[in-house]
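>>> only the shape, not the letters, is given here:
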């Protein structure tokens, strides 16, 4: 990729920057131990994450007014608690569980790669997660973001084009000066249509050891890297 | 101040976090040397800053649609160049001057104080400066913000109540959990009306050695500190 004119890298977060699944399972297991609740927590984590897209689509189609990801996670939590027949939790306990999404651990190469990229480029999350969630995660995991962009500032969830284009506009850049980075090919294909460049960093362990990783990268991506450190090396940072 | 429930400090930036006047004068002087332009640059800096409030008020009253601070600085620059009879600059040269506002130096206690505050609280700018401007300034001056809030995310300039309240909302907090920090008493008086707490850190050198500093602090402020390091000490950070 010719990086002469590139000024910023923006990032999908859940799965690309952090290991949401491992982090949610770990926190749920600890919560279960303290509260005396037994459950298949890996299946619980997958089911909770599974609620995210249908609820988000209700916002994207206008069936729900603008609702941030914390609130969507909370709606999904009720469904999943019912599904797993976990009852008797107080509102405070449910709020505590909902905060698990604020404390997700980065992949082992994430922080080192972000520091290198930050030396040369503006780096910012371009996530469907809300600002407070991203802020807590950055403090907890030491993610050195320059600013926090994403669905909440655009009031449009990915993959709506407005989500990516608001980030470009707030950075005062042209689309081709911005690189969207993700482990998910559909996110990159949508971003690409708005004119931004794309970096694919597959995360084969996102869904655990038993799931098939993403297939071959689409040849249209501007750069493919095996980690954030590899990405930094490939873009001169 | 009882800080038990306080979660975040938000900051006025121009004058409170950075020495805008000294930084603009220094960059203008250097620009003048390179371009062979002689001018009273301290007076030029004051006049340029002086354009900010009337242009911003046109946005606040609806005479202008939403316009970010970079664009307001650019409008003001034209007026000030005319006033000082500086002509013949290209659009690129004017754009270069406008970027001076992105590269402002912090007061000597700013960075150390922010790092201490960041250990215990969320810290974010609550400035009328736009996101890209704040982002460049943070990279240039090493300001360790957790996220970037301010007028542009609210689409309301201070002292509109919506500006402060949007910051509170995006942080997922109640007003009394947030402390607005500024060197300017009117900014704090306006913030206070929305229910946030207030910290006053006077910056007697903001307008240069010849101007009278702010008078006695209003007794309603929750904390008064002589520097950001003093502020950190006073709020247990």
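Yes, it's here. Everything numeric here is computed off the predicted structure, so don't read it as measured data.

>>> in the worst-scoring helix or strand of chain A on mean pLDDT, what's buried?
Within chain A, confidence by mean pLDDT, DSSP states H and E is lowest for helix A:52-60 among all helices and strands, at a mean of 94. For helix A:52-60, the buried set under the neighbour-count rule, 16 or more other CB atoms under 10 Å in any protein chain shown, comprises A:52, A:55-56, A:59-60. No exception for glycine: its C-beta is placed from N, CA and C like everyone else's.

>>> same check on stretch A:37-54?
By neighbour count, and taking 16+ other CB under 10 Å as the criterion, the buried residues in stretch A:37-54 are A:37, A:39, A:41-42, A:44-49, A:51-52.

>>> ok so, going back, who's in contact with the least confident helix or strand of chain A?
Counting contacts by CB atoms under 8 Å, 6 or more residues apart in numbering or on different chains, the residues outside helix A:52-60 that touch it are A:64-67, A:69, A:72-73, A:75-76, A:128, A:156-157, A:160.

>>> any chance of the buried residues of stretch A:37-54 in CSV, plus distance to residue A:207 and secondary structure?
What follows is the buried residues of stretch A:37-54, written out as CSV (distance: CB to CB, whole Å; DSSP: H, G, I helix; E, B strand; the rest coil):
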residue, distance to residue A:207, secondary structure
A:37, 24, coil
A:39, 19, coil
A:41, 15, helix
A:42, 10, helix
A:44, 14, helix
A:45, 10, helix
A:46, 8, helix
A:47, 13, helix
A:48, 13, helix
A:49, 9, helix
A:51, 16, coil
A:52, 14, helix
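
>>> CSV please, covering those residues and showing distance to residue B:27.
What follows is those, written out as CSV (distance: CB to CB, whole Å):
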residue, distance to residue B:27
A:37, 60
A:39, 60
A:41, 56
A:42, 56
A:44, 56
A:45, 51
A:46, 54
A:47, 56
A:48, 51
A:49, 49
A:51, 52
A:52, 47
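
>>> just those now: which is nearest residue B:210?
When the buried residues of stretch A:37-54 are compared for distance to residue B:210, the smallest value, 58.4 Å, is given by residue A:52; criterion: CB to CB.

>>> chain B versus the closest one, what's the distance?
Applying CB to the nearest CB, to the nearest Å, the value for residue A:52 to chain B is 18 Å.

>>> can you count the residues close to residue A:137?
Using other CB atoms under 10 Å in any protein chain shown, residue A:137 has 27 neighbouring residues.

>>> can I assume residue A:107 is in contact with residue A:18?
Yes. Under the criterion of CB atoms under 8 Å, residue A:107 lies in contact with residue A:18, with a separation of 7.0 Å.

>>> okay, these two: which has more neighbours?
Just comparing residue A:107 and residue A:18: by other CB under 10 Å the higher neighbour count belongs to residue A:18, 25 against 20.

>>> mind pulling the model confidence for that one?
At residue A:18, the pLDDT value in this model is 98.

>>> who's the closest spatial neighbour of it, skipping the chain neighbours?
residue A:104 (3.9 Å; CB to CB, 6 or more residues apart in numbering or on different chains).

>>> check residue A:190 too.
The shortest distance from residue A:190 to any non-neighbouring residue, by CB to CB, 6+ apart, is to residue A:159 (3.3 Å).

>>> again, but for residue A:192
residue A:198 (5.4 Å).

>>> tell me the angle the helix or strand following the least confident helix or strand of chain A makes with helix A:52-60.
Toward the C-terminus, helix A:52-60 is succeeded by helix A:69-83 as the next helix or strand (DSSP states H and E). Our comparison of helix A:69-83 with helix A:52-60, counting by axes from the mean of the first three to the mean of the last three CA atoms, to 10 degrees, yields an angle of 130 degrees.

>>> chain B contacts on chain A?
A:70, A:118, A:122, A:124, A:130-132, A:134-135, A:138-139, A:145-149, A:152-153, A:170-172 (CB under 8 Å from any CB of the partner chain).

>>> swap the cut-off to 7 Å and go again
Counting by CB under 7 Å from any CB of the partner chain, the positions of chain A adjacent to chain B are A:70, A:122, A:131-132, A:135, A:138-139, A:146-148, A:152-153, A:170-172.

>>> those residues in helices, which ones?
Secondary-structure check on those using DSSP state H: residues within helices are A:70, A:131-132, A:135, A:138-139, A:152-153, A:170.

>>> in PyMOL, how would I select the buried members of these?
What follows is the PyMOL syntax selecting those of those that are buried according to 16+ other CB under 10 Å:
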select buried, chain A and resi 70+131+132+135+138+139+152+153+170
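
>>> reformat the ones in helices among the residues of chain A next to chain B as CSV; add pLDDT and distance to residue B:24.
CSV is the format used below for these (pLDDT from 0 to 100; distance: CB to CB, whole Å):
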residue, pLDDT, distance to residue B:24
A:70, 98, 40
A:131, 98, 30
A:132, 98, 34
A:135, 98, 30
A:138, 98, 31
A:139, 97, 32
A:152, 97, 33
A:153, 96, 28
A:170, 98, 24
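
>>> identify, from the ones in helices among the residues of chain A next to chain B, the entry nearest to residue B:22.
Nearest to residue B:22, judged by CB to CB, of these is residue A:170 at 28.0 Å.
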